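Q: I would like the atomic coordinates for the input below:
(2 chains, ligands or ions: 1)
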Amino acid sequence: MTQSVVGVVGLAAPQLEAAEKVDGSARFIADLNRPGMLYGAVLQSPHAHARILSYDVSRALAIAGVRAVVTGDDVQTNWRMGAFIKDEHALAKGKVRYVGEAVAAIAADSEAVAREAAAAINVVYEELPAALSPHAALKPDAAVIHEELANYIKVFDTGSAGNLCSRTSFREGDIEQGWRDSDLIFEAHYLTQAQAHVSLEPCGALAEIDANGRITLWSANQSVFRVQANVCESLGLPMSRLRCLTPRIGAGFGNKMEPHVQPLAVLLAMKARRPVKLVLSREQDFEMVRARHPFDIRVKTGVKRDGTLVAREVEVLLDGGAFADDSPGVLGYALLMSCGPYRIPHAHCHGRLAYTNKMRFGAFRGFGVPQITFATETQLDEIADALAIDPIELRLKNLKRQGDRWLGGQPIASCGLNECIERVRTASGWNGGRHRAGSAGSRRALGMACSAHISGLLSTGAIIRLLEDGSVLLNTGAVDIGQGSNTVLSQLCAEALRVPLDRVSIASPDTDGSPYNWGTTASRVTYMTGISVLGAAAEVERKIKEHAAEILECSAQDLELVPGGFVAVKGIPHRRVGFAAVSGRAHWAAGGPIIGSHSWVFDQKTVDPKRASVVGLPFPQIGAFVFNAIVVDVEIDETTGKSRVERAWSACDVGRAINPQMVEGQIEGAFVQGLGFALFEEMVWNGPQIANPTLMDYKIPTFIEAPSELYAIIVESNDPGGPFGAKSVGEIGINGVAAAIANAVNAAVGVRLRRLPLTSERVLEAMLASEQK
Amino acid sequence: MASNPALFQSPTLTEALDLLAAIPGARPLSGGASLVAMMNAGLVEPAALVSLTRIPELRGIRVTADGGVIIGAATRHNEIAADPRLCGTAAVLPHAAAQIAGMAVRNMGTIGGAIAHADPGLDFPPALAAAGAVVELASAAARRRVPIREFFVDWYATVLTPGEIVIAVHLPKPKPGVGLYLKHARVSGDFAIVSVAVSLARDGEAHVAVGGCGPVPLASAEADGIVSSDLSASALAHAGDLLTALANPVDDVRATADYRRLLIPRMLARALNDCMAASRSVA
Ligand SMILES: Cc1cc2nc3c(=O)[nH]c(=O)nc-3n(C[C@H](O)[C@H](O)[C@H](O)COP(=O)(O)OP(=O)(O)OC[C@H]3O[C@@H](n4cnc5c(N)ncnc54)[C@H](O)[C@@H]3O)c2cc1C
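A: Numbers count the residues shown, from 1 in each chain, chains lettered A, B, ... in the order given. The predicted model follows:
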């Protein structure tokens, strides 16, 4: 099914919610109110690591307007949540493990009173030594952050021990043989920093409990189903008692996939027996939710003199922060991607993840791949330089192709990377030379990088109902976090049923009524949910034809859907019947209302045990690969060392662009977020304390920092398994940005920086040091 | 942020000054860009706010009979950025104003508020130091004038006494020449890591000042003397070293103190070279 019949697939339809976002009527979590609603506030830990000896909440409760106070005493010890390791309570219980952690929460008549009450709570702590880096945490004498780690529930073989949260290793080929077969071996060490998500909308939740004790929860989220699971695990509730809904979401980037304040809002609502809304301030959002993992990376690559890659070892150490959250997944996934889209016969990619006394690190667009790619793709440029091979030619020589196997052994179903590279090479004028004339006092050059990502993971479903009048209601449970999945899924549904887009409406995710969807994360919605939408549409189509066969007195096999909501005899378009007539018959006469449904779980094995041996695999079934090539044109100011990306070309093999305008938006947005990661975004800790948890001190790129020319190039490899050939685009565009910029900086000023971000200070320092030599 | 201070919209300067003298803990409110943010963060809790923005005397830019320029304290950054009378050597001021924050803050913030706030990262203090400005202050009891280079005392501290406000900034008659403000920040709209302000008259007279490198803008008559007589690379380096010696920068999330020191001579030379290039292209 790859041909667009009604022209809805491939159409740059405006986002369904565009008007309400432009006129301001879109309602986000902070805009929601319920009758009798209270406001929540959180008391945060002042210590990185301390035992909680006692709480005194009496002064807080005495303040007029305070309705409920909750502490760790309100949750049971065995009520723990976590995606991979169930190690986290709804709020600190027994110990605090990072500065900023929630210690108590208050519901009151106003936000001001709730905050005043938070300040009136007295907690007695016994301070413990803190481990503030993974190196410190893994020392034998380090203070243990989770004494109960051995007893926690884990969803895979994590190898946890002491402050080691998890470890993963991939082996393919024979690495020792690989080193022996190599003419040259390159090895270097790389560091990447913590990056904050800075979604436009900070995290928040609103919980309401009814007279029967059933709870409704709205929150800023990327999956109503993960919210439901986390709240129920951390509060000891049966999942059927909690209904999760979603308002509009002001972006997620991974930050809203796993829990933030949802368990606290529910706990407060249950205690106060009133609706409670708890929305974090921007500072709290920086301090309490999660951020991109700092990586410590060693990369060793063996090559033949002709540039053939022979062997690759990657070793990483991740700072996981105080709770595992998505970290074991990030570790495993980053390693899975650490040979990049290249044929490397011998590989050993391994790493560890440590608990530390910092805020948890977790999912963030790219899921570890921007970090790994910075290391591996800059090392490839070093190899190219040493061998005097053009960096693009070196990559092309080693590229994986369609049908090749990924590290671990999964076949690549479709691969448009070659075309991505050629498109950016041509568009940027790369072959004309990498050095460009800069403005006075600056130097300028091109740099490039390639990367890959996935589209398929875990489970999903879709339900399509044909309403009485023949219009279509799609229900998938996939939260649109602003990226436009409501529009794209509606386009797929409209195309499959051959109806105009405005004939399809999409239901808002609701754990009571929507089919399960693991989440809007891992670049998976278009591919995973798209396949379910087509599956559900196929069932609807089959049922429509059954009715139409009765009405038209022919065989269902002789019928086809024709554009506009009709079904007709093949080749005789005027012998047709409309969806309204079909649905009317189903509702009132025969068969019953037409409902199509589909659900599935991504089932391609990550590892083929005949090819690879893997220890500690967090994602046993993940795949459907997408690809990207980037060229950037960077100018460096010789006075200050400041880099500016003047132009950029980012080509993504997305399989098929269901909505080209939204694909371009994702490529552009990912580029600019990657630019911040490359050049200046960095969360800084002053001892245990985040030093820059404000937008005054933590800077993200503005339009002025965006390249003057940013070209999003769509490459369509038409994946045989994807919906209308589509794969994904949400993350792929960020992975290679930092590496491409670092490669351009090196080409322009001759310095190789192996630590992100490439601040003006670090670049100038390196330039001056290289001049001294 | 529990406090909710009374807000007075004074129509006249006298009334505003009387209120400030009469109410202990009252603060002048100008654009509010910094003050309201500080109140929201719980850093200050004024007993009352006396708004200055409706006092006609404090608004706008005037040119005096002798060609000097008076900028009312409540004049917005964007008005300064766009005023063609701030030309020649005074162009350093609009050039700096245009680089402050983003459009929203430039539409709110005022020059009086900015210099009274005396945040060491602000752009106007070095620009005014290069422009040779004199600050006019008033209290219920008296008025006085203080040269800008004496106005700033320490981190967030000025010569202002309780009840006293900035009412205007006086600039000498702009000379033919160029004014330039070179700002180095992580991103546009951020506070400067280092900034350099230059006024270079066609007759050779030059004034330079550096921001972001200590509690007060760095400027010295000696450095001005050097760059007024010699713009060779070695003279610029010498002036840069003099200003660097005055620096007292800190390490913060924007940059280290060492980097700031390193940048002073580099950016000074760059700014003056850019000025020379600009004056050649004007001539
Ligand atoms: C997001 C953001 C980014 C910014 N970025 C920059 C930047 O890049 N560069 C830059 O230079 N500045 C920057 N600023 C600061 C900005 O320039 C402010 O406008 C300025 O500091 C204060 O001016 P205001 O009129 O708003 O003063 P207010 O906020 O009204 O007052 C500031 C302080 O001065 C006092 N005050 C006000 N007027 C007077 C007066 N006439 N006499 C005596 N005291 C007075 C107030 O009591 C208060 O203590 C930024 C501010 C924000 C919010």
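Q: what's in contact with stretch A:479-487?
A: When contacts are defined by Cβ atoms under 8 Å, 6 or more residues apart in numbering or on different chains, stretch A:479-487 is touched by residues A:13-17, A:221-224, A:246, A:248-252, A:256, A:478, A:506, A:509, A:517, A:519-520, A:525-526, A:529, A:659, A:662, A:665-666, A:730. The way it works is simple: take the backbone N, C-alpha and C, and place the C-beta from them, glycine included.
Q: now do the host helix or strand of A:Leu474: which elements does it pack against?
A: Following DSSP states H and E, the helix or strand that holds A:Leu474 is strand A:472-475. With contacts defined as 3 or more Cβ pairs under 8 Å, 6 or more residues apart in numbering or on different chains; DSSP states H and E, strand A:472-475 has these neighbours: strand A:459-466, helix A:485-497, strand A:504-506, helix A:530-552.
Q: quick one, which of the ones you listed gets closest to A:Gly438.
A: helix A:485-497 (40.4 Å; Cβ to Cβ).
Q: any idea of the mean pLDDT for the closest one?
A: The predicted model assigns helix A:485-497 a mean pLDDT of 98.
Q: quick check: angle from it to strand A:459-466?
A: Here helix A:485-497 runs at an angle of 60 degrees relative to strand A:459-466 (axes from the mean of the first three to the mean of the last three Cα atoms, to 10 degrees).
Q: re the thing from before, winner for burial among the helices and strands packed on strand A:472-475?
A: Each of the helices and strands packed on strand A:472-475 was assessed for mean neighbour count using mean count of other Cβ atoms under 10 Å in any protein chain shown. The highest is helix A:485-497, with a mean of 26.
Q: tell me the angle that one makes with helix A:530-552.
A: Put simply, helix A:485-497 runs at 40 degrees to helix A:530-552, going by the same axes, to 10 degrees.
Q: A:Val645 and chain B, how far apart?
A: For A:Val645, the distance to chain B under the criterion Cβ to the nearest Cβ, to the nearest Å works out to 13 Å.
Q: which residues does the nearest residue to that residue once chain neighbours are set aside contact?
A: Taking Cβ to Cβ, 6 or more residues apart in numbering or on different chains, and ignoring the residues beside it in sequence, A:Val645 has A:Pro707 as its nearest neighbour in space, at 4.6 Å. By Cβ under 8 Å, 6+ apart, the contact list for A:Pro707 reads A:632-633, A:645-648, A:671, A:675.
Q: repeat the analysis, applying 6 Å as the threshold.
A: Taking Cβ atoms under 6 Å, 6 or more residues apart in numbering or on different chains, we find A:Pro707 in contact with A:645, A:647-648.
Q: any chance of those in CSV, plus distance to A:Pro341, secondary structure and neighbour count?
A: Written out in CSV, the entries for the contacts of A:Pro707 read as follows (distance: Cβ to Cβ, whole Å; DSSP: H, G, I helix; E, B strand; the rest coil; neighbours: other Cβ atoms under 10 Å in any protein chain shown):
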residue, distance to A:Pro341, secondary structure, neighbour count
A:Val645, 23, strand, 27
A:Arg647, 24, strand, 18
A:Ala648, 20, strand, 29
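Q: closest to B:Ala74 out of these?
A: For B:Ala74, the nearest member of the contacts of A:Pro707 is A:Val645. The distance, counting by Cβ to Cβ, is 39.1 Å.
Q: wouldn't that closest one be in contact with A:Asp633 here?
A: No: between A:Val645 and A:Asp633 no contact is recorded; they are 7.1 Å apart, counting by Cβ atoms under 6 Å.
Q: may I have the phi/psi pair for the residue in the stretch 1-150 of chain A that chain B sits nearest to?
A: At 5.2 Å from chain B, A:Ala112 is the closest residue in the stretch 1-150 of chain A, using Cβ to the nearest Cβ. For A:Ala112, the backbone dihedrals are phi -60, psi -40 (criterion: degrees, to the nearest 10).
Q: so what's the residue count around it?
A: Applying other Cβ atoms under 10 Å in any protein chain shown, we find 16 other residues in the vicinity of A:Ala112.
Q: A:Val525 too?
A: Residues lying near A:Val525 (other Cβ under 10 Å) number 29.
Q: what sits closest to it if chain neighbours are left out?
A: Closest residue to A:Val525 in three dimensions, ignoring its sequence neighbours and counting by Cβ to Cβ, 6+ apart: A:Ser485, at 4.5 Å.
Q: before we move on, what about A:Gln491?
A: With Cβ to Cβ, 6+ apart as the criterion, A:Gln491 has its nearest non-adjacent residue at 4.9 Å, and that residue is A:Val8.
Q: which residues sit in contact with the one you found?
A: Residues counted as contacts of A:Val8 (Cβ under 6 Å, 6+ apart) are A:491, A:494-495, A:501.
Q: swap in A:Val70?
A: When contacts are counted by Cβ under 6 Å, 6+ apart, A:Val70 is found next to A:105, A:267-268, A:271.
Q: cool, A:Gly321 as well?
A: If you count contacts by Cβ under 6 Å, 6+ apart, A:Gly321 has them with A:356, A:358-361.
Q: state the distance from it to the ligand.
A: 29 Å (Cβ to the nearest ligand atom, to the nearest Å).
Q: could you do A:Met359 as well?
A: Taken as Cβ to the nearest ligand atom, the spacing of A:Met359 relative to the ligand amounts to 24 Å.
Q: looks to me like that residue is in a strand.
A: No: A:Met359: not assigned to a strand; according to DSSP: H, G, I helix; E, B strand; the rest coil it is coil.
Q: before we move on, the earlier item: of the contacts of A:Pro707, which is the nearest to A:Phe170?
A: For the contacts of A:Pro707, the closest approach to A:Phe170 (Cβ to Cβ) belongs to A:Ala648, at 31.6 Å.
Q: surely the closest one touches A:Leu710?
A: Yes: using Cβ under 6 Å, A:Ala648 makes contact with A:Leu710 at a distance of 5.1 Å.
Q: save the helices and strands packed on strand A:472-475 as CSV, and put in distance to A:Ala726 too.
A: Compiled in CSV, the helices and strands packed on strand A:472-475 are given as follows (distance: least, Cβ to Cβ, whole Å):
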stretch, distance to A:Ala726
strand A:459-466, 14
helix A:485-497, 8
strand A:504-506, 17
helix A:530-552, 6
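Q: closest one to the ligand among these?
A: Checking the helices and strands packed on strand A:472-475 against the ligand by Cβ to the nearest ligand atom gives helix A:485-497 as the closest, at 32.9 Å.
Q: report the distance from that closest one to the chain centre.
A: Averaging C-alpha positions (Cα atoms, centre = their mean, to the nearest Å) puts helix A:485-497 22 Å from its chain's average.
Q: can I get the CA coordinates of that helix in PDB?
A: This file holds the C-alpha atoms of helix A:485-497, laid out as PDB (Å, rounded to 0.1, in the frame of the first residue of the first chain):
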ATOM      1  CA  SER A 485       0.800  13.200  15.300                       C
ATOM      2  CA  ASN A 486      -3.000  13.900  15.500                       C
ATOM      3  CA  THR A 487      -2.800  15.400  12.000                       C
ATOM      4  CA  VAL A 488      -0.500  12.700  10.600                       C
ATOM      5  CA  LEU A 489      -2.500   9.800  12.000                       C
ATOM      6  CA  SER A 490      -5.700  11.400  10.700                       C
ATOM      7  CA  GLN A 491      -4.100  11.700   7.300                       C
ATOM      8  CA  LEU A 492      -3.200   8.000   7.300                       C
ATOM      9  CA  CYS A 493      -6.800   7.100   8.300                       C
ATOM     10  CA  ALA A 494      -8.300   9.400   5.700                       C
ATOM     11  CA  GLU A 495      -6.000   8.000   3.000                       C
ATOM     12  CA  ALA A 496      -6.700   4.400   3.900                       C
ATOM     13  CA  LEU A 497     -10.500   4.900   3.900                       C
END
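Q: is the ligand contacted by stretch B:54-62?
A: No: using Cβ under 6 Å from any ligand atom, we find that stretch B:54-62 stays clear of the ligand, coming within 7.1 Å at best.
Q: follow-up on the earlier one: show me which of the contacts of A:Gly321 is closest to A:Val737.
A: Lowest distance from A:Val737 to those (Cβ to Cβ) belongs to A:Phe361, with 19.6 Å.
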